Each structure stands twice: as C-alpha cells, then as structure tokens.
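Enquirer: Here's my sequence, what's the structure:
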Amino acid sequence: MKARSGDAAGRRAESLAALFLRLKGYRILSSRERTSLGEADLVCLKGDALVFVEVKYRPDADTAAQSIRTRQQRRIHGAARAFLSRRPKFATKTIRFDAVLIAPWQWPKHILNAWPAHEHNAK
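Expert: Residues are numbered from 1 along each chain as shown. Alright, predicted model coming up:
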C-alpha cells in the first residue's frame, strides 16, 4: 500500500512540475518517458533547448536534490538517447538536464543544468 501512495505522490509532483514549467514557458513533449535505456519524468522544449527533467518530491528541497544520484542521471541520459533516436528532428537542439524539486507547502524549485549534458552520449 505504501508503494501506491508513494507513486500517487510522485504523479502529483510530476503534474505540479509540468504546470510550473508550462507557466515558465516550457512546452511539455512527454511525461513519464519510459524506454529500454531509461526514463525521464518530463521532456520539455524551451526555445532551442530540449530539456529532460527529473522531478523529486521530498520533505524539503535539499533532501530532494540529494536524492538525485548518479544512477538516476544515467537512466535519464539513456532516456534522452532513446528519445533522440526516435525523434531525430530534435537532434539539433541543445540538450539540458534539469530538476524540479517539490516539497510540501513550498514553491517548486527549478534547477537548470542540474548535471552536465555532455554525458548524455555516455554509456
């Protein structure tokens, strides 16, 4: 039962993050982008940037930020590779990896370039 409530909280956080990003002018291309190489919570377009977003819901923003581990970053990089292989029209875009941190009773915190984009081609 706890896993279900955690998943529901995660979905609500992703919906809130998507709304927050839309208000900032981002176009949401995909949510819960799952591929054989990895997954990304949100895939967005903002100007010339294709942005892969990890959404974290925790009791506070610091804990949320610390919960994004290298393994998750690799998973999101894999999703980026798979997304680009299926949608070559985005290949000329600048790739960026952001995070949106969600904590109760706080405004979402958007971290641009949360980790290096040059690694998205790494295995």
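
Enquirer: Now do the worst-scoring helix or strand of the chain on mean pLDDT: distance to the chain's middle.
Expert: Across the helices and strands of the chain, mean pLDDT, DSSP states H and E gives its lowest value to helix 61-66, namely a mean of 80. Put simply, helix 61-66 sits 14 Å off its chain's centre (C-alpha atoms, centre = their mean, to the nearest Å).

Enquirer: Going by neighbour count, list what's buried in the helix or strand that that helix is followed by.
Expert: Downstream of helix 61-66, the next assigned helix or strand under DSSP states H and E is helix 70-86. In terms of neighbour count (16 or more other C-beta atoms under 10 Å), helix 70-86 has its buried residues at 72-84. C-beta here means a position set from N, CA and C on the backbone, and glycine is covered the same way.

Enquirer: Send me helix 70-86 as PDB with only the CA atoms.
Expert: Only the C-alpha atoms of helix 70-86 are listed here, as PDB (Å, rounded to 0.1, in the frame of the first residue of the first chain):
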ATOM      1  CA  THR A  70      24.400   9.200 -10.500                       C
ATOM      2  CA  ARG A  71      22.500   6.000 -11.300                       C
ATOM      3  CA  GLN A  72      19.300   8.100 -11.900                       C
ATOM      4  CA  GLN A  73      21.300  10.600 -14.000                       C
ATOM      5  CA  ARG A  74      22.500   7.700 -16.200                       C
ATOM      6  CA  ARG A  75      18.900   6.400 -16.500                       C
ATOM      7  CA  ILE A  76      17.800   9.800 -17.700                       C
ATOM      8  CA  HIS A  77      20.700  10.100 -20.100                       C
ATOM      9  CA  GLY A  78      19.600   6.700 -21.500                       C
ATOM     10  CA  ALA A  79      16.000   8.100 -22.000                       C
ATOM     11  CA  ALA A  80      17.500  11.100 -23.800                       C
ATOM     12  CA  ARG A  81      19.400   8.900 -26.200                       C
ATOM     13  CA  ALA A  82      16.300   6.800 -26.900                       C
ATOM     14  CA  PHE A  83      14.100   9.800 -27.300                       C
ATOM     15  CA  LEU A  84      16.500  11.400 -29.800                       C
ATOM     16  CA  SER A  85      16.900   8.200 -31.700                       C
ATOM     17  CA  ARG A  86      13.100   8.000 -32.200                       C
END
